[in-house]
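Asks: Structure, please.
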Amino acid sequence: MIGKIPTLKIGKLTAEIPIIQGGMGVGISLSGLASAVANEGGIGVIAAVGLGMAGKYLQSSMSENNSRALRQEIKTAHSKTDGLIGVNIMMALSDYDSLFEVSVEEKVDVILMGAGLPLKLPARIVDQGLANIHTSFIPIVSSGRATKIIFQHWAKKYQHIPDAVVVEGPLAGGHLGFKAAELYTESNSLESLLPEVLAAVAPFEIQFGKKIPVIVAGGIYSGADIYRFIRLGASGVQMATRFVATHECDADIRFKEMYVNCQKDDLRIIESPVGLPGRAINNDFLESVSAGNKKPFKCPWKCLRTCNYTEVPYCIANALISARKGRFGSGFAFAGANAYKVNEIISVKELVNALMREYKHEDLTMKVSADREIYVPFRPDFRSVVKNKTNADSVAVL
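Replies: This next block holds a predicted model:
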């Protein structure tokens, strides 16, 4: 059927549209956005990072704050939808294990694991038997090599493999899985990375007798993009940037307006305090940091294992929390490479409908183009015919 977008099957789960809404922290994608995406047939994702740092859930430790806040967001999302809900958890988080356990206990449909290789899973989860858990596990990678390492390790240690994999290219927003010098090389383009990852999972599909969906992320903006990558072999896409400019996005309206108002030249690569490059929308805060100005802060707790908070120029968590509240004098917004294309704030339903129209239009365009290439009627070159006839006539006269 022309324009019929495929479903996305991950283990026993089926999303009606092949779209995972990317997790965005701190507090950009919570229960509001995630449930709205789930209600439209996609997989809505809550970003687990730093949820307790706003001080709403007071406990004896920041780790307990975060766990309690995440548990409440998951419950709220489930109360708003019967669709698929996931949680994005960064491997670099100090409380990774407890956030993972909360997500499994609350029976989220998927856990997406990024910012590191998920080689070690929480012991309490492993003891349950990964095959016996409702939740599907999806690592986020940036190469075929990383994919192979993860799958080999899981197969050997857990006798189980991830249920899907997201390959994220260098056009994504937020922290990036590449060195700054590698961001614009052809070998790291999403078009180059996808076949690498497909090849990496292929032997494990045979070994374990199941399909491993490969989902692309980083620079996916339109229905035409979705169509193109599915044609290239992807099972689905992960999108984040375009979902920011929706009414249901959990950020302050001023955060969303940063996307609507930004120009292509406003997007820049920064060096994050955690030692990774990231893509963000330039503003006075980032200009000040680039000029060498430090932003004094008191670290409430070491939320990232790799953060040397005594030497970094500012607290990345505080900056992102401020931005989420629209306070850009003390923060900034991460954004994908296509954020400058956003020109209005609409509902999630309107956005998904637009993506479906774009997908259908691209499908129809490609099919019409293919039909024209298949049926090419013979049209001789008239000038050549005349020339040949004139030459023949001349020979006949002689």
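Asks: separation between Leu190 and Gln238?
Replies: 11 Å (C-beta to C-beta, to the nearest Å). (Glycine included, C-beta is placed from N, CA and C.)
Asks: Now for Phe334: which residues touch it?
Replies: Residues counted as contacts of Phe334 (C-beta atoms under 8 Å, 6 or more residues apart in numbering) are Met24, Gly173, Gly174, His175, Gly278, Arg279, Ala280, Ile281, Leu320.
Asks: mind giving me the domain split of this structure?
Replies: 8-251+345-364, 264-330 (automatic domain parsing).
Asks: those helices in the stretch 51-200 of the chain, which residues are they?
Replies: With DSSP state H, counting those that start in this stretch as the definition, the stretch 51-200 of the chain shows helices at residue ranges 62-80, 96-105, 123-128, 144-157, 190-208.
Asks: Which other helices and strands does the helix or strand that the last one is followed by contact?
Replies: Spelled out, it's helix 190-208. Under the assignment DSSP states H and E, the closest C-terminal helix or strand after helix 190-208 is strand 214-217. Of the remaining helices and strands, those touching strand 214-217 by 3 or more C-beta pairs under 8 Å, 6 or more residues apart in numbering; DSSP states H and E are strand 165-168, helix 190-208, strand 236-239.
Asks: Comparing Leu190 and Gln238, which shows the higher neighbour count?
Replies: Gln238 (26 against 21; other C-beta atoms under 10 Å).
Asks: quick one: contacts for the more buried one?
Replies: Taking C-beta under 8 Å, 6+ apart as the definition of contact, the neighbours of Gln238 are Ile19, Ile20, Gln21, Gly22, Val166, Glu168, Ile215, Val216, Ala217, Ile220.
Asks: Check what pLDDT it gets.
Replies: On pLDDT, Gln238 comes in at 98.
Asks: Skipping adjacent residues, who's closest to it in space?
Replies: With sequence-adjacent residues excluded and distances taken as C-beta to C-beta, 6 or more residues apart in numbering, Gln238 is closest to Ala217, at 3.7 Å.
Asks: May I ask which helix or strand encompasses the closest residue to Gly83 other than its chain neighbours?
Replies: Nearest residue to Gly83 in three dimensions, chain neighbours excluded: Ala38, at 2.9 Å (C-beta to C-beta, 6+ apart). Secondary structure assignment for Ala38, by DSSP H and E: helix 31-39.
Asks: Report all helices and strands that that helix contacts.
Replies: When contacts are defined as 3+ C-beta pairs under 8 Å, 6+ apart, helix 31-39 packs onto strand 19-21, strand 43-47, helix 62-80, strand 84-90, helix 348-374.
Asks: Output that helix in PDB with nothing but the alpha carbons.
Replies: Provided in PDB are the C-alpha atoms of helix 31-39 (Å, rounded to 0.1, in the frame of the first residue of the first chain):
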ATOM      1  CA  SER A  31       5.600  12.000  31.500                       C
ATOM      2  CA  GLY A  32       3.900  14.700  29.600                       C
ATOM      3  CA  LEU A  33       5.800  14.400  26.300                       C
ATOM      4  CA  ALA A  34       6.300  10.600  26.600                       C
ATOM      5  CA  SER A  35       2.600   9.800  27.100                       C
ATOM      6  CA  ALA A  36       1.600  12.100  24.300                       C
ATOM      7  CA  VAL A  37       4.000  10.300  21.900                       C
ATOM      8  CA  ALA A  38       2.800   6.900  23.100                       C
ATOM      9  CA  ASN A  39      -0.800   7.900  22.500                       C
END
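Asks: for that helix, what is the average pLDDT?
Replies: For helix 31-39, mean pLDDT is 98.
Asks: Just want the angle from that helix to strand 43-47.
Replies: 160 degrees (axes from the mean of the first three to the mean of the last three C-alpha atoms, to 10 degrees).
Asks: Please list the outside residues in contact with helix 31-39.
Replies: Contacting residues not belonging to helix 31-39 are listed as 19, 21, 43-46, 73-74, 76-77, 80-86, 243, 246, 248-250, 347-349, 352 [C-beta under 8 Å, 6+ apart].
Asks: May I see the ChimeraX selection of the buried members of these?
Replies: Entered in ChimeraX, the line below selects the buried ones among the contacts of helix 31-39, by 16 or more other C-beta atoms under 10 Å:
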select :19,21,43,44,45,46,73,74,77,80,81,83,84,85,86,243,246,248,249,250,348,352
